[in-house]
Each structure stands twice: as C-alpha cells, then as structure tokens.
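Visitor: I'll drop the sequence and a predicted model, then ask my questions.
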Amino acid sequence: GDSVTQTEGQVTVSESKSLIINCTYSTTSIAYPNLFWYVRYPGEGLQLLLKVITAGQKGSSRGFEATYNKETTSFHLQKASVQESDSAVYYCALGITGNTRKLIFGLGTTLQVQP
Amino acid sequence: EAAVTQSPRNKVAVTGGKVTLSCNQTNNHNNMYWYRQDTGHGLRLIHYSYGAGSTEKGDIPDGYKASRPSQENFSLILELATPSQTSVYFCASGDPGGSNTEVFFGKGTRLTVV
C-alpha cells in the first residue's frame, strides 16, 4: 500500500531556532511519486507549501526546504530560523499518479513557535 | 489562484438525519476530492471524481455518498449521519501528478453530529 509517516503530535520551538519535521513514505503504486508539504494556518484551509517531483531535488518556500531522497524514502521539512507566524499544522503528502490520482497524507505535525 | 468554496462552513446535524456538504471550484479542474480530518488520523480520502458524472470510492467511503453533477460542483452526502462522522471535511480540486499542477483545498466544513 501507500503511506506517509511524519513526526507526530506537537513540536514546540523557540523563535529563531531551527526546525526539522521528519517525513518518510512508502508506496507500491508508483516508483517516483510527487512529494508535497502542505500547511494549515489557524482558521484557514490547507495551502501548498512546497512540492518536489524529481528524486534528488530540493524544494523551498517561505524559508522552508525539503529534499526528495529516494534512497531513504524521506522528505524532511527544515527551516533554519522559525518565526511565530510559522505556527501551524504541517502535512507531508504523497502524490499517487497514473490511473488513480490522489494525495496520501501523513497525520500532521502541529508546530508551536514560542516568542 | 484556484478557488475552492465549501458550504456550509459549520453544521450541526442530528443522528439519523441527512447531511449534504457542497463544494464548488472555479478553475475547471477535472479531479475533485473529499477528505476528512481527525486528530490522530490526518486527512483521509472519502470519495473523489475525475469529472462530471463520475465518482470513485476513496479509502474510507462507508457511510458516505458523493455526487458530481457538473465540472464545478462536488457534493458529499451523509444519508444517515452518525456521531462517528463528526469531523472537519475538506474539499479539494486539482491534479497531484502533474509537474505544473497542484491540488487546492477549501477552508473546511466542521460537522458535528449529535
């Protein structure tokens, strides 16, 4: 089957400190899935944070980065210096293509940035 | 930017009642999706559609029906609502598989079944 595992629960980081949210994936549907990070700010819907479709490539947006590592089947989200406005729920997702086109999500990680 | 609009944003329903959640998208996307989000489960796919007239079962379809009467509209129907269906529901449209495409989400519908 297809699944995504990410850092569970809540992560609390002090402002200006670094962040890493782990994400690993497993898929039997497709050899090279597209990988995504979505973010949900309070009161908002999910927004695409970044997307990488090629193994070995890095995506970046709003200071966040994630590298598509096919060897370790990982797509960890990192930021060098978080801000209070980064407090949100972050979801790692796997894009299934081919005959069935859908997103498979991890459980979500709540980031709380302390001032 | 792609717009996905859900209605209602909040709903309280009684057990055994019928509930219809509506979704409208204005970007001519073929694919539309319904997910539910629950603590400890993340987002799980209920139903999806590849175009007007088509509906497909997702990973957790039991207790739900879907309807895609047009390219723009995709509804999720709970014929006999149960408390276990209390959740936040997200509609989405787009394509997760293309190099220049993405999936856009609505703001969610909070459903409480009492």
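Guide: Sure, I can see it. From a predicted model like this one, the values you see are computed outputs, not experimental measurements.
Visitor: And chain B, is the longest strand along chain A touching that?
Guide: Taking DSSP state E as the criterion, chain A has its longest strand at strand A:88-96. Yes. Contact of strand A:88-96 with chain B (Cβ under 8 Å from any Cβ of the partner chain) involves A:91, A:93, A:95, A:96. (C-beta placed from N, C-alpha, C; glycine too.)
Visitor: most neighbours, which of these?
Guide: residue A:93 (28 neighbours; other Cβ atoms under 10 Å in any protein chain shown).
Visitor: was I right about it contacting residue A:40?
Guide: No. Assessed by Cβ atoms under 8 Å, residue A:93 is found out of contact with residue A:40, at 12.0 Å.
Visitor: Need the contact partners of the worst-scoring helix or strand of chain B on mean pLDDT.
Guide: Every helix and strand of chain B was ranked by mean pLDDT, DSSP states H and E. The lowest is strand B:103-105, at a mean of 92. Contact partners of strand B:103-105, identified using Cβ atoms under 8 Å, 6 or more residues apart in numbering or on different chains, comprise A:38, A:45-48, A:103, B:1-4, B:25, B:27, B:29, B:31, B:33, B:90-96.
Visitor: returning to what we had before: strands paired with the longest strand of chain A, and their directions?
Guide: Sheet pairing here is set by DSSP bridges, and for strand A:88-96 it gives strand A:34-40 (antiparallel), strand A:102-105 (antiparallel), strand A:109-114 (antiparallel).
Visitor: which residue ranges form the strands in chain A?
Guide: Under the criterion DSSP E, chain A carries strands at the ranges A:3-6, A:9-14, A:19-21, A:23-26, A:34-40, A:46-52, A:58-61, A:64-67, A:77-79, A:88-96, A:102-105, A:109-114.
Visitor: I meant chain B, not that one.
Guide: Counting by DSSP E, chain B has strands at residues B:4-7, B:10-13, B:19-25, B:32-38, B:42-49, B:56-57, B:65-67, B:75-78, B:87-94, B:103-105, B:109-113.
Visitor: in the third one, what's buried?
Guide: Residues of strand B:19-25 classed as buried: B:19, B:21, B:22, B:23, B:24, B:25 (neighbour count, 16 or more other Cβ atoms under 10 Å in any protein chain shown).
Visitor: now swap in stretch B:34-46 and tell me
Guide: Those buried within stretch B:34-46 under the rule 16+ other Cβ under 10 Å are B:34, B:35, B:36, B:37, B:42, B:43, B:44, B:45, B:46.
Visitor: and that stretch, how far apart are its ends?
Guide: End-to-end distance of stretch B:34-46: 6 Å, with Cα to Cα, to the nearest Å as the criterion.
Visitor: And that stretch, how far out from the chain middle?
Guide: Here the centre of mass of C-alpha atoms in stretch B:34-46, compared against the chain's by Cα atoms, centre = their mean, to the nearest Å, lies 10 Å away.
Visitor: roughly how far apart are residue B:26 and residue A:44?
Guide: Residue B:26 is 18 Å from residue A:44, where distance means Cβ to Cβ, to the nearest Å.
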